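# model this:
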Amino acid sequence: MIQSIPQRVVTISVIGTGAQAAVYYSYLSPVTGIRYTDSPTCDMQADEATNILFVLDYQATRQGWIVTGTSPHDGSPALEAVPGALQLSILVIDPYIKMDTCQFYIHYRNANGTEMQRDPQVGNVRPPM
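Numbering: from 1, shown residues only. Below is the predicted model:
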């Protein structure tokens, strides 16, 4: 039987339309139960494998932003990611490997052709071995 993996939803707010636009995250931390609104990082702690659905908010989509993919950085392995409908979201699949943090960028493009990438800085608390 396939093990079920919980999902968390993170709402992305993009302020601005240029390459230096600011990105903020709103989410509920599964371990602490703390709700974050417009946080500059998505430092979500998880004590089990947790898939994360990153969803652009109303204003970001009104400004023409879409999500074009993800890429790893700083030696992290590539995470499997599934794009959402109309490129307005992306699901990042946590492989629950023995790492403290999987570092990755989310790539964005604006209707005017501007591209940017941001690291949401998602952290993972691994259970004791």
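# how much space between the most centrally placed residue in the chain and Pro77?
Compute the mean C-alpha point of the chain, and by Cα atoms, centre = their mean the closest residue is Phe54, 4.8 Å away. Distance of Phe54 to Pro77, computed by Cβ to Cβ, to the nearest Å: 19 Å. Every residue, glycine included, has its C-beta placed from N, CA and C.
# list the beta-bridge partners for the residue nearest to the centre of the chain.
Val10, Ile90 (DSSP bridges).
# show me what contacts it?
10, 12, 67, 89-92, 106, 120 (Cβ atoms under 8 Å, 6 or more residues apart in numbering).
# ok, it to Ile93 distance?
For Phe54, the distance to Ile93 - Cβ to Cβ - is 12 Å.
# same thing with Cys42?
Counting by Cβ to Cβ - Cys42 and Ile93 are separated by 16 Å.
# so these two - more neighbours on which side?
Set Cys42 next to Ile93 and count neighbours by other Cβ atoms under 10 Å: Cys42 wins out with 25 against 15.
# any idea whether the more buried one is helix, strand or coil?
coil (DSSP: H, G, I helix; E, B strand; the rest coil).
# measure it to Gly64 for me?
22 Å.
# what do you get for Gly18?
Taking Cβ to Cβ, one finds Gly18 at 12 Å from Gly64.
# any shared contact partners between these two?
Asn110.
# of the two, who's got more company?
Neighbours per residue (other Cβ under 10 Å) separate Gly18 from Gly64, with Gly64 holding more: 14 against 9.
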